[in-house]
Structures are given as structure tokens and as C-alpha cells.
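S.K.: fold the following.
(one chain, ligands or ions: 1)
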Amino acid sequence: MVNDDNPLDFDVVVVGGGAAGIAAALGAAALGSRVCLIEKYGFLGGAATISSVLTHCGFFDQTGEQVVRGAGQLVLDKLEQVNLYLPHTMEESGNTVVLLDMETTKRVYDELIDEAGIELYLHSQLVDAQTRDGVITSIRFAHRGGTASVTAQAFIDCSGDGALIAAAGAAEILVDVHDRQASTLVMRVGRVEEDADLTSKAMTDAVAAYQQKTGVSLVRTSGIAVRMPLTREVMLLLADQHRDLLDVTEITRAEIDARKLAWHYLAAFQDSLKGWESSFLSATGPQIGIREARRLKGRDAVTSDDVSEGRKRLEDAIARCGWPMENHIAPGVTEYGGIRDQGWYHIPYGAICSENIDNLWAGGRLVSSDNRAYASLRVMGTALATGQACGVAAAVYAADGVHSLQRTRHHLQLQGALV
Ligand SMILES: Cc1cc2nc3c(=O)[nH]c(=O)nc-3n(C[C@H](O)[C@H](O)[C@H](O)COP(=O)(O)OP(=O)(O)OC[C@H]3O[C@@H](n4cnc5c(N)ncnc54)[C@H](O)[C@@H]3O)c2cc1C
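M.R.: Numbering: from 1, shown residues only. As a prediction, the model looks like this:
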């Protein structure tokens, strides 16, 4: 029984089982580390499975070159094995995404973690961390039966919200809520006819007609609509909220208000969009999609100039990012910024290491960056790359007791990652 009377000990602890955390655990386990992965929900996948973010961005740059392999490739290979590797180039932007099915995504991640021999604790939420002389010595998590503590040599925060960064008192970046990206409750809508109109223009017209008829005010008038594989549902990004979702009162209100919006958008489309007459709201949640909370203050940071110039680094690169900047600055308002020649840039080692806690790394949407660079590197394909780099770096540290950029890069390359 895992409880306070039986403390656990591992080489590497990873908090958060989204794209970054899964890749971190895989990266560390591949070096032979004893790895524990702690996830607060009952399944893996992070935003993909918690918030129906079912389009994987960041595997390819805008020229179509693949920029993420390694752990990311393991995911794509598993999807291929079940005939669900579905890359899709968006007509308007030219960006290539990999479409996901919710249950297949959970299955793929379960299999990868099982096969790698990683100790996984689901329904387990990090609540506390102990530090001494600038290193984390142990963490504590709450599970359905109580609490348990874990000691380790190295710790990785892939919680998206920076739960371990905060618990350990590590240096963090937390921008003012007005400058944070808006959150969106993703809607999955069933029984939308195959030839239904999914264009922005059609949505805008339907929302305008609905507002006129009902007097309801809908700030966002159009959004992204993508047809999902297998279920044939349409995934809709429309129900936005712009609040401080680290505040429990605010996130409670945001969930409820976003669900109200979801019903209004559904009614608007049922009313006047061809092919939507018999549609129904098949799912939201279990959690509103949160784009931004706190993130790591690292020894280095990715800047918007690095992104727009497509900056390549000779010595300290640990991952590539080929997704352009997509900053959801307010509900329905997105600011875009490209990468030079539609290519990719490097993410440096210093952007995943804590500035003040020697044995803490952070991946995915916690990578140290300015606001606009963050709007590029936060996507799930890139999260797999930065997460894997954290896992390898932490495993090297757990074995040697010191950081080694050279060994980290060497092992990433051995694991097939593109650095
Ligand atoms: C509405 C929306 C649309 C998006 N669209 C896209 C898109 O189309 N394509 C794309 O690639 N990206 C998209 N993104 C961005 C992307 O989803 C995230 O940036 C990405 O999921 C980051 O991966 P991650 O592993 O860092 O974090 P997450 O996916 O957020 O995973 C974090 C994990 O940590 C767990 N966790 C949190 N706190 C704790 C704790 N205290 N203890 C234990 N576990 C904890 C969570 O339950 C979760 O499983 C979108 C995001 C949103 C919100």
C-alpha cells in the first residue's frame, strides 16, 4: 500500500502525465532510471484527453519537415500500428497537425508507459515539496487513499500549471492575467452531417443571426472547427474565458460560464447552419482547456526573436520547434507570428533547467520563454520534445550528480530525438 508509512524512492520523479510528462518519463527510463510518473486524473494525455485538444501540433514545421522524433516518433508509430496516424494540413494556415482520437490516445500512452516499466500513479496530485540547500529532496502527493511521499535524485515538472515549481519555491514566470492567453472549453459535437459547413464565415453568420434573435451577447463569433477521426464528431474551439485560472473561485466560474456559452453556440448552429440541425453536444471537459498559467524561470529563456529568426544553436540545443507563434491574447483574438522561412528554431538546455533549484527541470508548456515565444513552443508535439529532454537530463543528473549538457545531447540523439 502506498501511504505515509511506506515512503517511495526513485531516481527521477515526473509530475504530470501530459505529452511532456509522458516523454520525460520515457526519456529517463530509456537510460535505466527508476522513474515514477504522478498524474492527477485517472488517465494520461494531458490537454488532449482532459480538454479534448485532439490535434497534435508541432511535429512538422510549415515547410512540412518533421522536427520532432524520439519519444514523439514512438507515439506516431503506435498510432500507425492502429491505423490512426492521420497527419492533416490545414487549408488556411498551411500548418500540419496530427489528428487524434480520444480513447486511442489514452491507449497509446498507457501502452508506452507500461512497456517502459515506469511506475505510474494515477489519481495522484502533487501537494507539497521539500527542499534543502537548493535541491528538492522529496515531494508529497495526495491519492484516493491518503498521501505518500517520494524521495529522488531529480525532479521534473510537467504539470502545465507549474505545480512543482510553486511547491518547491523555484523561480517562476507568472504574467499578469490580462497578458495571459485566453482559455477555451473545447466542445465535441456529434451528428454534424459530413457535408456541413465548418467555415469561419458560416459560423460568424450563424452567431450574428442568433444574437439578433435572442439578444444573447457572444464575444467570439467564429473559431476552429475540426472533424475528428473515428467518432466523426466536430471539435469546436469557441467557448473562451479570460480569467486567472490559478484562482479556485475564478476557475469554478470559468467552467460554468464556458458551459453556458457552449450551449448557446450549439443552439446558434442548430438554428441556421446547414448540416447542424440534428447535432448535439457530446462532450466538454472534464476540464476547460488552459493555455497558460505560471512557467519556469530558467537559466536561459526562448525569446520571440529566437522564434521569428529561426535561431539555430550549435552547442546547447536540446529540441526543435517548428510551430509558429499563436497568441490567444483575448477571447476570439489571436495574434500570429511566423518563423523565418517557415522553418524551425532550437530550444536551449537552459530553458528547461530551473534558475535556482539544481535538480529541477520543466517541460512542455512550462519551458522558460517570453510571452510570444511561449505562444509557439507550448504545443503538444514540441512538448514531447522538451519533455524527453527533461527526462534524459534528469536521468543523467541522477546517475552522475551533476548537469551534463554533452551527455544529455548524446543520449537524446541515441534515443532518436532531433536536437
Ligand atoms: C483550448 C486549447 C487548444 C489548444 N490547441 C492545441 C492544438 O491544437 N495542438 C497542440 O498541439 N496544442 C494545443 N494546445 C496547447 C497544448 O494543449 C498544451 O500546451 C500542451 O498540452 C502542453 O503539454 P504539457 O504536457 O506541458 O501539459 P498538459 O497537457 O497541460 O498536461 C499537464 C498534466 O499535468 C497534470 N497535473 C497538473 N497538475 C498536477 C498536479 N498537481 N499533480 C499531478 N498532476 C498534475 C494534468 O492533469 C495534466 O495531465 C491547446 C491548448 C488549449 C488550452
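S.K.: and residue 169, how many residues sit next to it?
M.R.: Residues near residue 169, counting by other C-beta atoms under 10 Å, number 12. All C-beta atoms are positioned from the backbone trio N, CA, C, and that covers glycine.
S.K.: what about the spatially closest residue to residue 385 that is not a sequence neighbour, distance to residue 345?
M.R.: Nearest residue to residue 385, sequence neighbours excluded (C-beta to C-beta, 6 or more residues apart in numbering): residue 319, at 3.8 Å. Using C-beta to C-beta, to the nearest Å, one gets 10 Å for the distance from residue 319 to residue 345.
S.K.: quick check on residue 187: phi, psi?
M.R.: Backbone torsions of residue 187, given as degrees, to the nearest 10, read phi -100, psi 140.
S.K.: what residues are up against the residue lying closest to it once chain neighbours are set aside?
M.R.: The shortest distance from residue 187 to any non-neighbouring residue, by C-beta to C-beta, 6+ apart, is to residue 236 (4.3 Å). Residue 236 makes contacts with 186-189, 223-225, 265, as judged by C-beta atoms under 8 Å, 6 or more residues apart in numbering.
S.K.: before we move on, what about residue 168?
M.R.: 129, 131, 136, 155, 357, 360.
S.K.: residue 176: neighbouring residues, count only.
M.R.: Residue 176 sits with 7 neighbouring residues when counted by other C-beta under 10 Å.
S.K.: any idea how far the ligand is from it?
M.R.: 19 Å (C-beta to the nearest ligand atom, to the nearest Å).
S.K.: which pLDDT value belongs to that residue?
M.R.: Listed pLDDT for residue 176 reads 94.
S.K.: mind checking the SS state of the residue nearest to residue 385?
M.R.: Classification of residue 319 using DSSP: H, G, I helix; E, B strand; the rest coil returns strand.
S.K.: now, of the contacts of residue 168, which are buried?
M.R.: Among the contacts of residue 168, those scoring as buried are 129, 131, 136, 155, 357, 360 (criterion: 16 or more other C-beta atoms under 10 Å).
S.K.: after the helix or strand containing the fourth one, which helix or strand is next?
M.R.: Residue 155 is located in strand 154-157, with elements delineated by DSSP states H and E. Tracing the chain past strand 154-157, the next element assigned as helix or strand by DSSP H and E is helix 163-167.
S.K.: and the helix or strand following that following helix, what does it pack against?
M.R.: Downstream of helix 163-167, the next assigned helix or strand under DSSP H and E is strand 172-173. Secondary-structure packing of strand 172-173 (3 or more C-beta pairs under 8 Å, 6 or more residues apart in numbering; DSSP states H and E): strand 295-296.
S.K.: helices and strands around the following helix or strand past the strand it packs on, which ones?
M.R.: Scanning forward in sequence from strand 295-296 by DSSP H and E, the next helix or strand is helix 304-309. Secondary structure elements in contact with helix 304-309, counted by 3+ C-beta pairs under 8 Å, 6+ apart, are strand 325-330, strand 333-337, strand 345-348, helix 371-377.
S.K.: which residues touch the longest one?
M.R.: Residues outside helix 371-377 that contact it (C-beta under 8 Å, 6+ apart) are 175, 179, 181, 292, 295, 301-304, 306-307, 321, 323-328, 335, 337, 339, 347, 365, 367, 369, 382, 386.
S.K.: same check on the second one?
M.R.: Contacting residues not belonging to strand 333-337 are listed as 182, 304, 307-308, 324-329, 372, 375-376 [C-beta under 8 Å, 6+ apart].
S.K.: so what pairs up with the residue nearest to residue 187 in the strands?
M.R.: residue 187, residue 225 (DSSP bridges).
S.K.: confidence score at it?
M.R.: Reported pLDDT for residue 236: 97.
S.K.: how about JSON lines for the contacts of residue 236, with distance to the ligand added?
M.R.: Putting these into JSON lines (distance: C-beta to the nearest ligand atom, whole Å) gives the following:
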{"residue": "186", "distance to the ligand": "6"}
{"residue": "187", "distance to the ligand": "11"}
{"residue": "188", "distance to the ligand": "12"}
{"residue": "189", "distance to the ligand": "15"}
{"residue": "223", "distance to the ligand": "10"}
{"residue": "224", "distance to the ligand": "8"}
{"residue": "225", "distance to the ligand": "12"}
{"residue": "265", "distance to the ligand": "14"}
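S.K.: want to throw these into a markdown table with neighbour count and pLDDT?
M.R.: Formatted as a markdown table, those follow (neighbours: other C-beta atoms under 10 Å; pLDDT from 0 to 100):
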| residue | neighbour count | pLDDT |
| --- | --- | --- |
| 186 | 25 | 98 |
| 187 | 27 | 98 |
| 188 | 20 | 98 |
| 189 | 23 | 98 |
| 223 | 21 | 91 |
| 224 | 17 | 90 |
| 225 | 21 | 93 |
| 265 | 23 | 98 |
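S.K.: next helix or strand past the helix or strand hosting residue 24?
M.R.: Using DSSP H and E, the element containing residue 24 is helix 19-29. The helix or strand immediately downstream of helix 19-29 is strand 35-38, counting by DSSP H and E.
S.K.: partner strands of that following strand, parallel or antiparallel?
M.R.: Strand 35-38 has the following sheet partners, assigned by DSSP bridges: strand 12-15 (parallel), strand 119-121 (parallel).
S.K.: most tightly packed of those?
M.R.: A comparison of these by mean neighbour count, using mean count of other C-beta atoms under 10 Å, puts strand 12-15 on top with a mean of 33.
S.K.: report the rounded mean pLDDT for that strand.
M.R.: Average pLDDT, strand 12-15: 98.
S.K.: hmm, it in reach of the ligand?
M.R.: Yes - using C-beta under 6 Å from any ligand atom, strand 12-15 reaches the ligand at residue 15.
S.K.: now do that strand: everything it contacts.
M.R.: Here strand 12-15 makes contact (C-beta under 8 Å, 6+ apart) with 21, 24-25, 28, 33-38, 126, 139, 150, 152-159, 163-164, 391, 394-395, 398.
S.K.: go again using 7 Å as the cut-off
M.R.: Applying C-beta atoms under 7 Å, 6 or more residues apart in numbering, the contact partners of strand 12-15 are 21, 24-25, 28, 33, 35-38, 126, 139, 150, 152, 154-159, 163-164, 391, 394-395, 398.
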